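J.: sequence unknown, structure follows:
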């Protein structure tokens, strides 16, 4: 199983890196839309819909996203950027305010219609953030995604080695507070490397990436809750050795919208106050 996971990861990385740096914005947007639809299909499994209603569920999202894709083609990247920023801002409020409160109060989204709408919002913000970040600078997208990959790996190994205190045993018994500490330490080292090796000279790189890592942990727990409620281990079987595609991007779903909003906000502050 480990060998399959590693081989799958290598193949995915080998396909992802050329695509993110070489594809023009429109083909990239179309490709990311297809992957977002796969994630939404897996999310539909949490709703336990019949095949007919699952097709309707996916089709409605595809129609809305198709209109956005048409707008990108006809109106350009700037038009798409401002609409994406609005969606990402709403998604950031969801992840930074609503989800922590819901987790603290153990008041999750139990009505199927709310779960369906949340799925739409999450996948739309994921798709628009993927397109916007690549259009602005592929390196930004790569840094945000690398932060989550590093955070997940560090949390796994730190939790396995030192884990004693459960983070959310009712949702995901394997996750520990020691794993969270390990993730934040690894992301802190990553931020230091970015600052020293790549010429990043902004003061907010460390707290910004820490916040991205934290919401990534929220995303992991959030999906784990819905899987546990649906009585399934993996969201699907799209990736050999890894389970569903949604299982691999659960931390990226909140990280990209929040990361984009942070970048936009700090860029505005720097432009306004010149520091």
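T.: Yes, it's here. All values reported here derive from a predicted model rather than from experimental measurement.

J.: what about stretch 211-221, average pLDDT?
T.: Mean per-residue pLDDT for stretch 211-221: 93.

J.: Tell me which stretches of the protein form helices.
T.: With DSSP state H as the definition, the chain shows helices at residue ranges 2-22, 25-47, 51-75, 77-93, 99-105, 112-136, 138-162, 177-197, 205-230, 245-249, 252-273.

J.: what's the closest non-adjacent residue to residue 119?
T.: The shortest distance from residue 119 to any residue other than its chain neighbours is 4.1 Å, reached at residue 43 (Cβ to Cβ, 6 or more residues apart in numbering). (Glycine included, C-beta is placed from N, CA and C.)

J.: Out of the helices of the chain, which gets the lowest mean score?
T.: Per-stretch mean pLDDT for those is lowest at helix 2-22 (a mean of 77).

J.: quick one: buried residues of it?
T.: Judged by neighbour count (16 or more other Cβ atoms under 10 Å), helix 2-22 contains these buried residues: residue 20.

J.: ditto for stretch 145-162
T.: Taking 16+ other Cβ under 10 Å as the basis for neighbour counts, the residues of stretch 145-162 that come out buried are 145, 147, 148, 150, 151, 152, 154, 155, 156, 158, 159.

J.: Among those, which one lies nearest to residue 190?
T.: residue 150 (5.6 Å; Cβ to Cβ).

J.: Residue 36 contacts residue 127, correct?
T.: Yes: counting by Cβ atoms under 8 Å, residue 36 touches residue 127, with 4.1 Å between them.

J.: My guess is residue 146 contacts residue 193. True?
T.: No: when contacts are counted by Cβ under 8 Å, residue 146 is not listed as touching residue 193 (10.6 Å).

J.: coming back round to it: and the residue nearest to residue 119, how many neighbours does it have?
T.: Residue 43 has 25 neighbours, counted by other Cβ atoms under 10 Å.

J.: how close does it sit to residue 227?
T.: To residue 227, residue 43 is 10 Å away according to Cβ to Cβ, to the nearest Å.

J.: Are there residues contacting both of these two? Which ones?
T.: Overlap of the contact sets of residue 43 and residue 227 (by Cβ atoms under 8 Å, 6 or more residues apart in numbering) consists of residue 235.

J.: hang on, the earlier thing: between residue 36 and residue 127, what contacts are shared?
T.: Overlap of the contact sets of residue 36 and residue 127 (by Cβ under 8 Å, 6+ apart) consists of residue 65.

J.: what comes up buried for the lengthiest strand in the chain?
T.: In terms of residue count, the longest strand belonging to the chain (DSSP state E) is strand 172-176. Within strand 172-176, the residues that qualify as buried by neighbour count (16+ other Cβ under 10 Å) are 172, 175, 176.

J.: Run through the bridge partners of the first one.
T.: Beta-bridge pairing of residue 172 under DSSP bridges involves residue 168.

J.: That one contacts residue 221, correct?
T.: Yes: using Cβ under 8 Å, residue 172 and residue 221 qualify as a contacting pair, with a distance of 5.8 Å.

J.: contacting residues for residue 174?
T.: By Cβ under 8 Å, 6+ apart, the residues touching residue 174 are residue 159.

J.: distance of residue 251 from residue 152?
T.: Per Cβ to Cβ, residue 251 is found 6 Å from residue 152.

J.: Need the overlap of contacts for those two.
T.: Here residue 251 and residue 152 share the contacting residues 216, 220, scored by Cβ under 8 Å, 6+ apart.

J.: which residues does residue 148 contact?
T.: Residue 148 makes contact with 212, 213, 216, 251, 252, 255 under the criterion Cβ under 8 Å, 6+ apart.
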